[in-house]
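**Student:** fold the stuff below for me.
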Amino acid sequence: MCADLVDWPSVAADGFPLPEAVPASQLADELAAMLISPDPEIRDDYAYTAAARWIREGHLDAVLETLGDISTSRFSHPAVQARTFAPLILCSVLTRGHTVPGLVPKEAAERWYAEFSAWYPVERDTRGWDDSLGWLHAVAHGADAAAAFARALPDRRTALLELCARRMTAPQTDYRYAQLEDARLARALMRILQAPGLKREQATGWLTAVAQALDGGGPGPVPIWAFNTFATLQSLHLHLVRGLADEDVPPHAEAVAAHVADLLRLPYYWLA
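**Tutor:** Presented below is the predicted three-dimensional model:
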């Protein structure tokens, strides 16, 4: 990274105006390098904040596909912060592509989806926060990307619901959701369920995978993955009943909520 391209403290202090003198390609390269930094100020406060704003405002339209490709290449990166900030950039890129139809080629979105879906349910480091690295949030950031993929690739909606189910039930974890990961997953599921044309069976079918994961549970302490699953189901039920402030409840919300309540009776047998 060329540290002289942008005076980041000054740009941040001024509210992130676009540095007009820097070509978009060079700006994308510098942002990409900063987004793997272990320093949360560089990665989050500067690079991600700037990238999200400039992508949303259309300043990086010429390099959107490049940013998407760089992001997906990082799902195999050895540094956890590199892997977990990749879906945030994908979310921004896909959202911009939804705002301006044709800006992001479908084949690019499909390519990114293949890489994302291979990474999301198997990421082992799901900590929300690290005292040195700052926000990591693989589960929450991935949930945001899943919702963005649902709009970019509507044919992938049922697969995305199942992907979220695999993420919440992944047994290889020692991290108990502590940073509202359950709510972010619930919001993403709501966004995916909002997709027009989704049939009732499609809206509820992904819960079969959750039921299968929970099948066979018995007396004893609740495994961490099961706690995370129950927390997500509780949050989803609340979202289904209350709706989102900008979208209300999705079609088939009542049917999905009923299936969720059935699963919640496993630990909460006293529910009506």
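**Student:** Asp173 and Gln194: what is the separation?
**Tutor:** Wrong residue type there; residue 173 is Thr, not Asp. According to Cβ to Cβ, to the nearest Å, Thr173 stands 28 Å off from Gln194. C-beta here means a position set from N, CA and C on the backbone, and glycine is covered the same way.
**Student:** please apply the same query to Ala186.
**Tutor:** 13 Å.
**Student:** so for the two, which residue has more residues nearby?
**Tutor:** Ala186 (26 against 19; other Cβ atoms under 10 Å).
**Student:** counting neighbours, what do you get for the nearest residue to Arg166 once chain neighbours are set aside?
**Tutor:** Nearest residue to Arg166, sequence neighbours excluded (Cβ to Cβ, 6 or more residues apart in numbering): Pro121, at 3.9 Å. Neighbourhood size, Pro121 [other Cβ under 10 Å]: 17.
**Student:** for Pro121, what are its contacts?
**Tutor:** By Cβ atoms under 8 Å, 6 or more residues apart in numbering, the residues touching Pro121 are Leu163, Arg166, Arg167, Ala170.
**Student:** mind listing which of these are in helices?
**Tutor:** Leu163, Arg166, Arg167 (DSSP state H).
**Student:** please verify my assumption that the first one contacts Ala118.
**Tutor:** To tie it back to what came earlier, the one meant is Leu163. No - using Cβ atoms under 8 Å, Leu163 makes no contact with Ala118, being 10.0 Å away.
**Student:** for those two, indicate the residue with more neighbours.
**Tutor:** The neighbour comparison of Leu163 against Ala118 (other Cβ under 10 Å) goes to Leu163, with 23 against 12.
**Student:** how close does the closest residue in space to the more buried one that isn't next to it in sequence sit to Asp130?
**Tutor:** Once flanking residues are discounted, Leu163 sits nearest to Ser117: 5.6 Å by Cβ to Cβ, 6+ apart. Between Ser117 and Asp130 the computed distance is 25 Å (Cβ to Cβ).
**Student:** kindly report the same for Glu201.
**Tutor:** Applying Cβ to Cβ, the value for Glu201 to Asp130 is 41 Å.
**Student:** which of the two has more neighbours?
**Tutor:** Neighbour count, other Cβ under 10 Å: between Glu201 and Asp130, Asp130 has more, with 14 against 10.
**Student:** wait, the more buried one sits on Ala138?
**Tutor:** No - Asp130 is beyond contact range of Ala138, at 11.4 Å (criterion: Cβ under 8 Å).
**Student:** for Pro19, grab phi and psi.
**Tutor:** Main-chain torsions, Pro19, degrees, to the nearest 10: phi -80, psi 90.
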